[in-house]
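Asks: Provided below are the primary sequence and the corresponding predicted coordinates.
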Amino acid sequence: QVQPVESGGGLVQPGGSLRLSCAASGFTLDYYAIGWFRQAPGREREGVSCISRGGRTTYADSVKDRFTISRDSAKNTVYLQMNSLKPEDTAVYYCNLRRTFGGTGDYWGQGTQVTVSP
């Protein structure tokens with residue numbers, strides 16, 4: 001069963017940093033493009049960043065130059081390094097896997113809460 005697992009959320013002060021992880025067990029992430037999405041209370045889920053199988057990255061304008069997405073094939077994990085956090089970054093962050101090699105599939109993790117507050 002394909003089930004990504006997010007971790008690394010928490011409470012941080014404005015200007016602080018967090019690193020989110022999206023880990024896979026029992027299957028390889030190498031077949032997937034991976035995206036991070038977030039959903040704040042009362043708002044729609046929005047895309048934050050994604051990384052292709054080949055390592056190409058894209059970012060929402062609101063997080064550009066503050067967030068960095070990366071993938072570590074050896075650890076079968078994708079990371080989202082979040083720096084200079086702002087209160088408006090507060091949301092539940094979700095990892096999405098979209099299979100782009102050797103099959104199809106679209107899978108979501110359970111989410112991890114990020115709260116940016118003094």
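Replies: Sure thing, it's come through. Numbering: from 1, shown residues only.

Asks: all contacts plus neighbour counts: C-alpha atoms, from now on.
Replies: Fine.

Asks: three-state assignment of the residue nearest the centre of the chain?
Replies: Taking C-alpha atoms, centre = their mean, the centroid of the chain lies closest to W36, which sits 3.1 Å from it. Put simply, W36 is strand when judged by DSSP: H, G, I helix; E, B strand; the rest coil.

Asks: pull out the buried residues from the least confident helix or strand in the chain by mean pLDDT.
Replies: Least confident helix or strand, the chain: strand 106-108 with a mean of 92, by mean pLDDT, DSSP states H and E. By 16 or more other C-alpha atoms under 10 Å, the buried positions in strand 106-108 come out as W108.

Asks: packing partners for it?
Replies: strand 91-99 (3 or more C-alpha pairs under 8 Å, 6 or more residues apart in numbering; DSSP states H and E).

Asks: strands paired with the strand it packs on, and their directions?
Replies: strand 32-39 (antiparallel), strand 106-108 (antiparallel), strand 112-116 (antiparallel) (DSSP bridges).

Asks: extract the CA atoms of the longest one and return them as PDB.
Replies: Looking back up the chat, that one is strand 32-39. Extracted C-alpha coordinates of strand 32-39, given in PDB (Å, rounded to 0.1, in the frame of the first residue of the first chain):
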ATOM      1  CA  TYR A  32       7.000   9.700  -8.200                       C
ATOM      2  CA  ALA A  33       6.800  13.400  -8.600                       C
ATOM      3  CA  ILE A  34       6.300  14.800  -5.100                       C
ATOM      4  CA  GLY A  35       4.500  17.900  -4.000                       C
ATOM      5  CA  TRP A  36       3.900  19.700  -0.800                       C
ATOM      6  CA  PHE A  37       0.500  21.300  -0.200                       C
ATOM      7  CA  ARG A  38      -1.000  23.200   2.700                       C
ATOM      8  CA  GLN A  39      -4.400  24.000   4.000                       C
END
